[in-house]
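*Asks:* sequence? don't have it. structure:
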């Protein structure tokens, strides 16, 4: 048995408890008791009780079995000083618990393929093959090996043909770097059916690692579930390829029993995500969402940030995430979107600037993450809390590109500049007209952004700002949206999406930071005339407007599409008060041109698509809810993406 300290602070600590089974027989059901001089305040991934002065830890339902030679791991926090436990008893047998110091490093993942790459993979016993390797522009040659006695027969494919081309002859793998960037390789030994996925990053001419693409990039929400990973690993060609520049996932649930406890070791959600993203040649982004826990509201987030114990745990948890990023990605790019909705709740409800709202920023120092002698002195206000979060990220992980979420709805009830319609600021042009309405939208966006700037979001090297579009497909939000989209808040027409880019442009101008769009829905407008390369009929089936198959207009606006419609839908989706030259109508056929160029000109540098809730339309996985409409459109766009200005 092992207890391994992961962090300490003045008056407390966090640690991992590892139950090892050194026998040749699996253990089914376990009970561990021990004495400890300090006080355990919380424990996750197991059950905790006290009995006769000892702590008693028993298995949870999902980790009752400890395999022969294996282990299970849980985490806990305590007050006082962590010392070596005594009186250890495991399933009625005396045992010993050793105390280890240092951060909690994940166990090495076993090699999933016998294929190795000479001079790239480590050779020491027990080490993992690399998830990603670097290549220069031009031709690079590597030697492939396999541990099988059978003579290998290799073949190789790549998922990002704009960045890298690959070929194999015998055991020689040739990687040609076409332009700086990333891609994933699938290396197969057909003789043994062994498969290896490994990422390749093509370096800049200077030898520097590539950052974000120099074009308007595309991302997708993606879990590390089997169906998601298998979908990405099904490399294709042309429009049937499966690649995006970015994958993003949520690190949420709060600091006490949240994201870091979900998995087979402390922090496995983050660690595995970086590893799998690197193998696929995609940039990992994390949505850091931990000021709320199980639920959120203005009162909840305010209560949490004003709770000293909560904020001490928060900074401990943040530092743990940053340590894992540094461990898994010491010299490579990682993105983070910080605390969606938090500042929006304050802007909308607090009636005060962030500098006048109390917050327990001292948790950064009480946790030991920051030092009062070596780091800036951040005060107990929300403004300083935001700056302390930014400073912490930049101090410990300079390779992380991070930005705060700005909410479309973050106006007070009366608006900063203009009254906001009940169905949202994007609808302002429907009453004020296009020219006057868009001016008011830009002014309102600027006023919202100024509140966020005064809260400190641009401090200490913040790289961008972000806005979302709710993440729930429009037809899922209103029972009448599909038949009467003009009555729906979120089923936007071409004009309202143009307003959205006006909002984004105002954020860019006010903050002087580029804009990431995220939680952009995947559903499209029905009766699409887009060619379906996966179906001999040649067209995509309509979305049924049921769970995971709802319509939305976001991808139709950004990628462009032609669709057939009538009645209320024709009137709404054919509306063009802005005289957008890319919109045309011929009878019941409507064409919206691509707006990627306009998005880039508005300051948008990446668009991260994906549902924010489980019922929304899915664009990836074992059976994409949209029958791969979104993925097909994505591959068409990435074949000739829009350069950033």
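*Replies:* Nice, I can see it. Computed from a predicted model, the values in this text were never measured in an experiment.
*Asks:* contacting residues for residue 531?
*Replies:* 538, 539 (C-beta atoms under 8 Å, 6 or more residues apart in numbering). In this view, the C-beta of every residue, glycine as well, is placed from N, C-alpha and C.
*Asks:* For it, give its distance to residue 639.
*Replies:* Distance of residue 531 to residue 639, computed by C-beta to C-beta, to the nearest Å: 14 Å.
*Asks:* With residue 561 instead?
*Replies:* Distance, residue 561 to residue 639, using C-beta to C-beta: 16 Å.
*Asks:* again with residue 611
*Replies:* From residue 611 over to residue 639 the distance is 25 Å, taken as C-beta to C-beta.
*Asks:* When those two are compared, which one has more neighbours?
*Replies:* residue 611 (25 against 12; other C-beta atoms under 10 Å).
*Asks:* does the more buried one sit in a helix, a strand or a coil?
*Replies:* coil (DSSP: H, G, I helix; E, B strand; the rest coil).
*Asks:* Can you tell me the closest non-neighbouring residue to it?
*Replies:* residue 471 (5.7 Å; C-beta to C-beta, 6 or more residues apart in numbering).
*Asks:* Look up phi and psi at the one you found.
*Replies:* Note on residue 471: its backbone torsions stand at phi 90, psi 0 [degrees, to the nearest 10].
*Asks:* cool, and the one 10 residues further on?
*Replies:* For residue 481, the backbone dihedrals (degrees, to the nearest 10) come out as phi -60, psi -40.
*Asks:* just residue 315 next, same as before
*Replies:* Dihedral angles (degrees, to the nearest 10) for residue 315: phi -70, psi -30.
*Asks:* what sits against it?
*Replies:* The neighbours of residue 315, taking C-beta under 8 Å, 6+ apart as the test, are 363, 364, 367, 369, 370, 388, 392.
*Asks:* and it, how far is that from residue 305?
*Replies:* 12 Å.
*Asks:* care to break this protein down by domain?
*Replies:* Domain segmentation of the chain under automatic domain parsing yields 2-100, 115-202, 217-523+595-638.
*Asks:* could you dump these to JSON lines with mean pLDDT and distance to residue 537?
*Replies:* As requested, the domains of the chain are exported to JSON lines (pLDDT from 0 to 100; distance: least, C-beta to C-beta, whole Å):
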{"stretch": "domain 2-100", "mean pLDDT": "83", "distance to residue 537": "44"}
{"stretch": "domain 115-202", "mean pLDDT": "94", "distance to residue 537": "27"}
{"stretch": "domain 217-523+595-638", "mean pLDDT": "96", "distance to residue 537": "11"}
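*Asks:* what would the ones you listed look like in CSV with distance to residue 579?
*Replies:* Compiled in CSV, those are given as follows (distance: least, C-beta to C-beta, whole Å):
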stretch, distance to residue 579
domain 2-100, 57
domain 115-202, 34
domain 217-523+595-638, 8
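*Asks:* Minimum distance to residue 544: which of those has it?
*Replies:* Closest approach to residue 544 among those (C-beta to C-beta): domain 217-523+595-638, 9.2 Å.
*Asks:* so how far does the closest one reach from one end to the other?
*Replies:* Terminal residues of domain 217-523+595-638 are spaced 8 Å apart (C-alpha to C-alpha, to the nearest Å).
*Asks:* what comes up buried for the stretch of helix or strand residue 429 belongs to?
*Replies:* Per DSSP states H and E: residue 429 is located in helix 429-432. Buried residues in helix 429-432, counted by 16 or more other C-beta atoms under 10 Å: 429, 430, 432.
*Asks:* Stretch 174-190 now?
*Replies:* Neighbour counts over stretch 174-190 (16+ other C-beta under 10 Å) mark 175-177, 180-189 as buried.
*Asks:* cool, stretch 573-584 as well?
*Replies:* 573, 574, 575, 576, 578, 580, 583.
*Asks:* Now that stretch: average pLDDT?
*Replies:* For stretch 573-584, mean pLDDT rounds to 98.
*Asks:* quick one: contacts of it?
*Replies:* 429, 433-434, 485, 493-495, 498, 525, 553, 560, 563, 565, 585, 590-595.
*Asks:* Mark which of those are buried, thanks.
*Replies:* 429, 434, 485, 493-495, 498, 525, 553, 560, 563, 565, 590, 592-595.
*Asks:* My read is that residue 184 contacts residue 198, right?
*Replies:* Yes: judged on C-beta atoms under 8 Å, residue 184 makes contact with residue 198 at a distance of 7.4 Å.
*Asks:* For these two, list the residues in contact with both.
*Replies:* Here residue 184 and residue 198 have residue 279 as joint contacts, going by C-beta under 8 Å, 6+ apart.
*Asks:* what's near enough to touch the residue nearest to residue 611?
*Replies:* Residues near residue 471 by C-beta under 8 Å, 6+ apart: 519, 520, 521, 610, 611, 612, 613, 616.
*Asks:* Distance to residue 464 for these - can I get that in TSV?
*Replies:* Formatted as TSV, these follow (distance: C-beta to C-beta, whole Å):
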residue	distance to residue 464
519	15
520	15
521	21
610	18
611	22
612	19
613	24
616	24
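*Asks:* Of the residues you listed, which pair is most distant in space?
*Replies:* Greatest spatial distance among the contacts of residue 471 (C-beta to C-beta): 520 and 613, at 13.7 Å.
*Asks:* before we move on, the earlier item: now flag whichever of the buried residues of helix 429-432 is closest to residue 476.
*Replies:* Using C-beta to C-beta, residue 430 comes nearest to residue 476 of the buried residues of helix 429-432, at 22.1 Å.
*Asks:* Is it correct that the closest one is in contact with residue 437?
*Replies:* Yes: counting by C-beta under 8 Å, residue 437 is a contact partner of residue 430 at 7.5 Å.
*Asks:* Which ones among the buried residues of stretch 573-584 lie within helices?
*Replies:* Taking DSSP state H as the definition of helices, these contribute residue 573.
*Asks:* which two in the buried residues of stretch 573-584 are spaced the farthest apart?
*Replies:* 573 and 578, at 13.7 Å, using C-beta to C-beta across the buried residues of stretch 573-584.
*Asks:* returning to what we had before: more neighbours: which of residue 520 and residue 613?
*Replies:* Legend: neighbour count by other C-beta under 10 Å for residue 520 and residue 613, higher for residue 520 (26 against 11).
*Asks:* residues contacting the more buried one?
*Replies:* Contacts of residue 520 by C-beta under 8 Å, 6+ apart are 468, 469, 471, 554, 555, 558, 607, 608, 609, 610.
*Asks:* Tell me the one of the residues you listed nearest residue 633?
*Replies:* Among these, residue 555 lies closest to residue 633 (C-beta to C-beta), at 6.2 Å.
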